[in-house]
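*Asks:* Quick one, structure for this:
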Amino acid sequence: MEHFLEAFSWINMRFLLEGLLITIQVSLLSIAFSFIIGGILGIIRYVKIPVLSSIIGVIIDIIRNLPLLLIIFFTYFGLPNMGVRLNIFWSAVAAMAVFQSAMLAEIIRGGIVAVPKGQMEAARSTGLTYTQAMRIIILPQALKKMIPPIVGQFISLVKDTSLATVIVLPELTYSARIIYSQDSNLVLPMFFMITLLYFLICYCLAKLSVRLDRSLS
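*Replies:* Alright, predicted model coming up:
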């Protein structure tokens with residue numbers, strides 16, 4: 001019991017919270033970039049631009065079937081050999097954004113496909129251009145269908161930030177490992193603490209998904 005309480009000293013908690021801050025920063029930036037890139041790629045795949053859509057489809061399929069850990073290794077160790085040097089933080093963000101963009105692209109494409117084709121035809125018959133119909137009629141309806149899987153991907157992204165510990169990103173899991181490596185008695189308390197912190201973040205995202213779903217229904 002004494003070791004359990006010792007694990008929650010101010011020094012240890014502050015170190016964990018600093019790691020949590022890095023986790024949140026990487027997650028938010030990756031979410032923002034992947035949502036933008038994934039949205040663009042998903043729409044391009046849906047409209048079926050000759051050649052371009054096919055090429056993007058192949059790239060998305062390749063990325064979706066690769067382990068995220070491999071992409072993290074590539075951004076940190078592989079890109080410098082190609083003349084692109086990123087620090088640990090931005091390597092993690094780039095890897096997460098690339099991987100999640102591929103996932104979101106398919107979710108967004110699927111959400112648009114799920115909207116009945118008659119909606120587009122009805123919108124065009126009122127005089128709207130294709131772009132206006134997509135923006136005003138189709139995408140808002142598709143968004144309602146996309147919210148649960150998109151939030152599910154974002155929750156996975158938050159948890160997957162722990163994989164960046166392999167490139168020594170000082171995120172939450174890495175911070176906990178530094179603490180318990182100094183005292184093996186702190187392993188269980190640290191696992192308990194990071195479990196709680198990950199749960200709180202993911203639980204809040206899940207609740208946000210429910211609220212958004214209700215507000216848009």
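*Asks:* Tell me the buried residues in stretch 128-146?
*Replies:* 128, 133, 134, 137, 138, 139, 141, 142, 143, 144, 145, 146 (16 or more other C-beta atoms under 10 Å). To be clear about C-beta, it is placed using only N, CA and C from the backbone, and glycine gets the same treatment.
*Asks:* make that stretch 169-182, sorry
*Replies:* Those would be 169, 170, 171, 172, 173, 174, 175, 176, 179, 180, for stretch 169-182 by 16+ other C-beta under 10 Å.
*Asks:* now stretch 74-86
*Replies:* 74, 75, 76.
*Asks:* So for it, mean pLDDT?
*Replies:* Regarding stretch 74-86, the rounded mean pLDDT is 89.
*Asks:* so where's this protein uncertain?
*Replies:* For the chain, the stretches flagged by pLDDT under 70 are 1-7, 216-217.
*Asks:* So residue 173 sits against residue 165, correct?
*Replies:* Yes. Residue 173 lies in contact with residue 165 (C-beta atoms under 8 Å); the separation is 5.1 Å.
*Asks:* how about the nearest residue to residue 193, chain neighbours excluded?
*Replies:* residue 16 (6.2 Å; C-beta to C-beta, 6 or more residues apart in numbering).
*Asks:* Please tell me how far the longest helix seen in the chain is from the chain's geometric centre.
*Replies:* The single longest helix within the chain, with elements called by DSSP state H, is helix 10-47. Relative to its parent chain, helix 10-47 has a centroid offset of 6 Å by C-alpha atoms, centre = their mean, to the nearest Å.
*Asks:* go on, stretch 203-217?
*Replies:* 17 Å.
*Asks:* tell me which residues in that stretch are buried?
*Replies:* 205, 209, 212.
*Asks:* Quickly name whichever of the residues you listed is closest to residue 34.
*Replies:* Using C-beta to C-beta, residue 205 comes nearest to residue 34 of the buried residues of stretch 203-217, at 14.3 Å.
*Asks:* That closest one contacts residue 156, doesn't it?
*Replies:* No. Here residue 205 does not reach residue 156: they are 10.2 Å apart, not a contact under C-beta under 8 Å.
*Asks:* just so I have it, where are all the strands in this structure?
*Replies:* Counting by DSSP state E, the chain has no strands to list.
*Asks:* Show me which of the buried residues of stretch 128-146 is closest to residue 201.
*Replies:* residue 146 (21.1 Å).
*Asks:* In space, what's closest to the closest one - neighbours in sequence excluded?
*Replies:* Per C-beta to C-beta, 6+ apart, closest to residue 146 is residue 111, 3.7 Å.
*Asks:* Report the contact partners of that neighbour.
*Replies:* Applying C-beta atoms under 8 Å, 6 or more residues apart in numbering, we find residue 111 in contact with 42, 142, 143, 145, 146.
*Asks:* ok, which pair from those residues is furthest apart?
*Replies:* 42 and 145 (12.6 Å).
*Asks:* follow-up on the earlier one: ok, the residue nearest to residue 193 - contacts?
*Replies:* Neighbours of residue 16 in contact, by C-beta under 8 Å, 6+ apart: 172, 175, 176, 179, 190, 193, 194, 197.
*Asks:* make it 7 Å
*Replies:* 172, 175, 176, 193 (C-beta atoms under 7 Å, 6 or more residues apart in numbering).
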